[in-house]
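A.B. asks: Take a look and give me a structure for this.
(2 chains)
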Amino acid sequence: MTTASIEPPQDTHPVGPARHERLSALVQQHGALAVLLIVSLVASLSFDSFATGDNISNMATSSAFLAIVALGMTFVIITGGVDLSVGSLFALGGVLAAWGSRHGTLVALLLPLAVCGLIGVVNGLLIARSRLAPFIVTLAAMLGARGLMLALTDEGADTYLIGKGSFLAELGQGTTLGLGNPVWITLALFVAGAVVLRRTRFGQHVYAVGGNEDAAALMGAPVARTKILVYALSGLLAGLAGALNAAWLASGVTILGSGMELDAISAVVIGGTLLTGGLGYVSGSLVGVLLLKVIQNVINQIGSLDSSYQQVVSGAFLAVVVIAQTWLGRRRQLM
Amino acid sequence: MAEATLRTLPLDKARVLHWLQRYGVYAGVAALLVVNTVITPYFLTVENFRTQAVQVAPVIIVALGMALVIGTEGVDLSVGAVMALAASVTALYLGYGLLPALLAVALFAAGVGLAGGALVAFVGVQPIVATLALMVGGRGLALVLLPQLKDLRNPALASLGSGDLLGFPYLILIAAALALLLGFVMRRTTFGRQLLAIGDSRPAAQLAGLPVRRVLITVYVVSALLAAVAGVLATARLQASDPTSLGNLMELSAITAVVVGGTPLTGGRVNIAGTVAGAVLIQLLTATLIKHDLPPSWTQIAQAIVIVAAVYAARGRGKR
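C.D. replies: Numbering: from 1, shown residues only, chains lettered A, B, ... in the order given. Just a heads-up that it's a prediction; the model follows:
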């Protein structure tokens, strides 16, 4: 590593580096999509039940909740941070929505957003203003939010139900044009997320903070405000995903969401967002989520395989992606 | 840069903060002991102390390895998965006797540690992601090897879990011996010095000619081996192998113990005694809340507050 960086660049072909750089950027951005297409193609050729309307719509709906969480995580990771509290906030959001549904739809929707958003703001304040490590702050928030959720449900013994026929239940369980409502909400959120990240000043600040925080501060980007907003957004989206999931299941299930932060981080990283910050794609995270869900579905289709193989495959896949990313990134730095 | 103006605190305030950073965890343990002596019935009994110590021993063992990893400016999220893997492998190979089973466990754990260390040292992956992949994959592998809870009937394993020497359970003795050993390694050996140098500044350590990769890989292998020891001991105490739930959230408890014990997350410094005290502090806090019939939810919230407070107190120190 050191010897390579000390030597002067010896590439004499003027076209070489540019082509290489373009290629590695292409793999970085669309590698996951290519793998997704290949895996889906192989799966639909191998299993009759894979490419059926039912299976696809099921996969889409069950991906929707993780995708919403991964959208918020994408913003956080692009700033160079990480949010480990999303799994707990997801569970908390679901319980709050189900609890609030007894007091009307408005309460059921606003309560989880308000509480989870607030916890996100506290995370952001501790990270941006007190300069504590994101990893440890959100770890504490993960514990605290789970504690709050358990306190609300009498240590997990109470399960609040969402009445049939209410607007909330319709939001979670209803379908429009053959796809579940959560899928449409997720797509809308991703379009909005992509526009915010690519076309707004806030989005540019997110990239700038992740690329080089000191440089961003010197250029006059509001570093602290951007970070606080990013963690607030992540908390909000995790709460929303939890609320929608509760509406889909018609109850606030307390055991959900553990390990979800890891799935979300995996999806974001697989989608081509760099964990070091400064580079990332909202669309990639969506592809990452779909890829994880397709792998899970394929393993379920192979009846003889235990579902724990899914974890082995996901872990190995994450490792491969990260190695590839690091390698591509290093190639790019050397040139 | 903005801190320059904030740093001109009154001297005694700075001194109080410094004292808190260094001795806060011991003061916390002492305060909890005093409070419990007064308000908790039957707290000052040998039986109670033994129970608390046996419960905290696996956390201490895992936290020792975590402290080394955090000293290199890394983190090891795979420790819980390694504990589960150790439980599965113990159950699989116990038929050949305890010693072969322990050897197999050590091999598996060293494999996980090598993989994590190689990803960090050779490929240059961030520790949090490398060990995240191993955490997901390791727990999956543990479940593939042994899908559900299995009772273990082996007298040697049972005596390891519940036997004692002069009234001290083996669990406590092993944890204490490992803590002393690692304290010695960190203070008195070249390896300890090299580890801290790498944690302080990896490029500088590399330029100084230190064997950076070898030390990093060793650290992750040691962390995995210690987690495996904790996994075997916990399995021995349960007399059952439970890969589904053994070691769940252990990475969290271990990181908490290390951070509360005054080891900064920024690397370059390892506080072994503080780590042990940190684990004891969390254990006492949990025990206090439970003994006074406060539900587990409160325990988690209290733990979250302690973590943030500890990191907040330590933040000035980490920057230098």
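A.B. asks: can you give me the strands in the stretch 201-320 of chain B?
C.D. replies: Assigned by DSSP state E, counting those that start in this stretch, the stretch 201-320 of chain B shows strands spanning B:240-241.
A.B. asks: Low-confidence ranges, it, go.
C.D. replies: B:315-320 (pLDDT under 70).
A.B. asks: ok, which residues in it are in contact with chain A?
C.D. replies: B:206-207, B:252, B:255, B:259, B:265, B:295-301, B:303-305, B:307-308, B:311-312, B:315 (CB under 8 Å from any CB of the partner chain). (Glycine included, C-beta is placed from N, CA and C.)
A.B. asks: Now, those that are in helices?
C.D. replies: If you go by DSSP state H, these have B:206-207, B:252, B:255, B:259, B:296-301, B:303-305, B:307-308, B:311-312, B:315 in helices.
A.B. asks: Which among these count as buried?
C.D. replies: B:206, B:252, B:255, B:259, B:296-301, B:303-304, B:307-308, B:311, B:315 (16 or more other CB atoms under 10 Å in any protein chain shown).
A.B. asks: Can you tell me the centre-most residue of the chain?
C.D. replies: Using chain A here. Note on chain A: the residue nearest the mean C-alpha position is A:Ala70, at 1.0 Å, using CA atoms, centre = their mean.
A.B. asks: Not quite, go with chain B.
C.D. replies: Closest-to-mean residue, chain B, CA atoms, centre = their mean: B:Ala63 / 1.1 Å.
A.B. asks: Buried ones in the helix or strand hosting that one, by neighbour count?
C.D. replies: Assigned by DSSP states H and E, B:Ala63 belongs to helix B:46-71. Of all the residues in helix B:46-71, those buried under the rule 16+ other CB under 10 Å are B:50, B:52-54, B:56-71.
A.B. asks: repeat for stretch B:19-33
C.D. replies: Of the residues in stretch B:19-33, those buried (16+ other CB under 10 Å) are B:20-21, B:24-26, B:28-29, B:32.
A.B. asks: B:Val222: which of the residues you listed is nearest?
C.D. replies: Closest approach between the buried residues of stretch B:19-33 and B:Val222, by CB to CB: B:Val25, at 23.0 Å.
A.B. asks: Which other helices and strands does the helix or strand hosting A:Ala34 contact?
C.D. replies: Using DSSP H and E, A:Ala34 sits within helix A:15-46. If contacts are counted by 3 or more CB pairs under 8 Å, 6 or more residues apart in numbering or on different chains; DSSP states H and E, helix A:15-46 sits against helix A:282-301, helix A:308-334.
A.B. asks: Distance to chain B, mean pLDDT and mean neighbour count for these - can I get that in JSON lines?
C.D. replies: Converted to JSON lines, the helices and strands packed on helix A:15-46 look like this (distance: least, CB to the nearest CB, whole Å; pLDDT from 0 to 100; neighbours: other CB atoms under 10 Å in any protein chain shown):
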{"stretch": "helix A:282-301", "distance to chain B": "11", "mean pLDDT": "88", "mean neighbour count": "22"}
{"stretch": "helix A:308-334", "distance to chain B": "2", "mean pLDDT": "73", "mean neighbour count": "19"}
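A.B. asks: Straight-line length of stretch A:149-167, end to end?
C.D. replies: 24 Å (CA to CA, to the nearest Å).
A.B. asks: Please enumerate the helices of the stretch 51-200 of chain B.
C.D. replies: Shown for the stretch 51-200 of chain B, the helices assigned by DSSP state H, counting those that start in this stretch span residues B:79-93, B:98-118, B:127-145, B:155-162, B:170-188, B:190-200.
A.B. asks: Surely B:Pro243 touches B:Gly140?
C.D. replies: No - shown here, B:Pro243 and B:Gly140 do not form a contact pair, counting by CB atoms under 8 Å, at 9.9 Å.
A.B. asks: Tell me the helices and strands packed up against the lengthiest helix in chain B.
C.D. replies: Counting by DSSP H, the longest helix found in chain B is helix B:11-39. When contacts are defined as 3+ CB pairs under 8 Å, 6+ apart, helix B:11-39 packs onto helix B:272-291, helix B:296-318.
A.B. asks: and the ones you listed as JSON lines, adding distance to B:Leu77?
C.D. replies: Output for the helices and strands packed on helix B:11-39, formatted as JSON lines (distance: least, CB to CB, whole Å):
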{"stretch": "helix B:272-291", "distance to B:Leu77": "17"}
{"stretch": "helix B:296-318", "distance to B:Leu77": "16"}
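A.B. asks: if we can go back for a sec, what's the angle between the longest helix of chain B and helix B:296-318?
C.D. replies: 150 degrees (axes from the mean of the first three to the mean of the last three CA atoms, to 10 degrees).
A.B. asks: Helix B:11-39 to helix B:46-71, inter-axis angle?
C.D. replies: Using the same axes, to 10 degrees: helix B:11-39 against helix B:46-71 is 150 degrees.
A.B. asks: any idea how far the helix holding A:Ala34 is from the chain center?
C.D. replies: 20 Å (CA atoms, centre = their mean, to the nearest Å).
A.B. asks: cool, stretch B:26-35 as well?
C.D. replies: The answer for stretch B:26-35 is 21 Å, by CA atoms, centre = their mean.
A.B. asks: which parts of the stretch 51-200 of chain B sit against chain A?
C.D. replies: Going by CB under 8 Å from any CB, the residues of the stretch 51-200 of chain B near chain A are B:75, B:115, B:119, B:123-126, B:128-130, B:132-141, B:143-144, B:147.
A.B. asks: try it again with 10 Å
C.D. replies: B:75, B:77-78, B:81, B:115-116, B:119, B:122-126, B:128-130, B:132-147 (CB under 10 Å from any CB of the partner chain).
A.B. asks: Just name the most buried of the helices of the stretch 51-200 of chain B.
C.D. replies: helix B:79-93 (a mean of 29; mean count of other CB atoms under 10 Å in any protein chain shown).
A.B. asks: now that helix, how far from the centre of its chain.
C.D. replies: 17 Å.
A.B. asks: A:Arg102: how many residues sit nearby?
C.D. replies: Neighbourhood size, A:Arg102 [other CB atoms under 10 Å in any protein chain shown]: 12.
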